[in-house]
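J.: fold the following and give me the result.
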Amino acid sequence: RPSPEEALQWRDSLEKLLQNPYGLASFHSFLRSEFSEENVEFWAACEDYKKTKSPLKMAEKAKKIYEEFIQTEAPKEVNIDHFTKGVTMKNLVEPSPSSFDMAQKRIFALMEKDSLPRFVRSELYQELVK
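T.: The predicted structure is shown next:
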């Protein structure tokens, strides 16, 4: 469990929140409670994808991420604009560590301006900073 001081830093930094295993789990749990966990799951899948070394594994993971989060009517479709979706699809012709960068940045920004403020106001978060 993080110290209250540590948890307080998350108010101003989604990055710090996501880098902390407890913070990530708390944020994920909060988003699940409001049925919007696909954003943080997509972000985490992209982080995992970028660490993939094998081109074969990368292609497999890229396909899975695309099918789960990007394609129209995907089970956990994230809310990205048409342009970003197009760029991402082009990037997947030859998967590279940066294939999902634009989409991931969009989703990060969305979580930062939308989900993070709601999380900070939540009881779950308020308990962590006591």
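J.: any idea how far the most centrally placed residue in the chain is from residue 82?
T.: Among the residues of the chain, the one closest to the centroid is residue 43, at 2.2 Å (Cα atoms, centre = their mean). The spacing between residue 43 and residue 82, counted by Cβ to Cβ, to the nearest Å, is 20 Å. Heads up, the C-betas are built off the backbone N, CA and C, glycines and all.
J.: and the helix or strand the residue nearest to the centre of the chain falls within, what does it pack against?
T.: Using DSSP states H and E, residue 43 sits within helix 38-50. Applying 3 or more Cβ pairs under 8 Å, 6 or more residues apart in numbering; DSSP states H and E, we find helix 38-50 packed against helix 21-33, helix 55-65, helix 101-110.
J.: give the buried residues for it.
T.: Counting neighbours by 16 or more other Cβ atoms under 10 Å, one finds that the buried residues in helix 38-50 are 38, 39, 40, 41, 42, 43, 45, 46, 49, 50.
J.: cool, and stretch 19-27?
T.: Here stretch 19-27 shows 20, 23, 24, 26, 27 as buried, counting by 16+ other Cβ under 10 Å.
J.: what's the answer for stretch 89-108, then?
T.: 91, 92, 95, 99, 100, 102, 103, 104, 106, 107, 108.
J.: how about stretch 65-85?
T.: 65, 66, 68, 69, 70, 78, 80, 84, 85.
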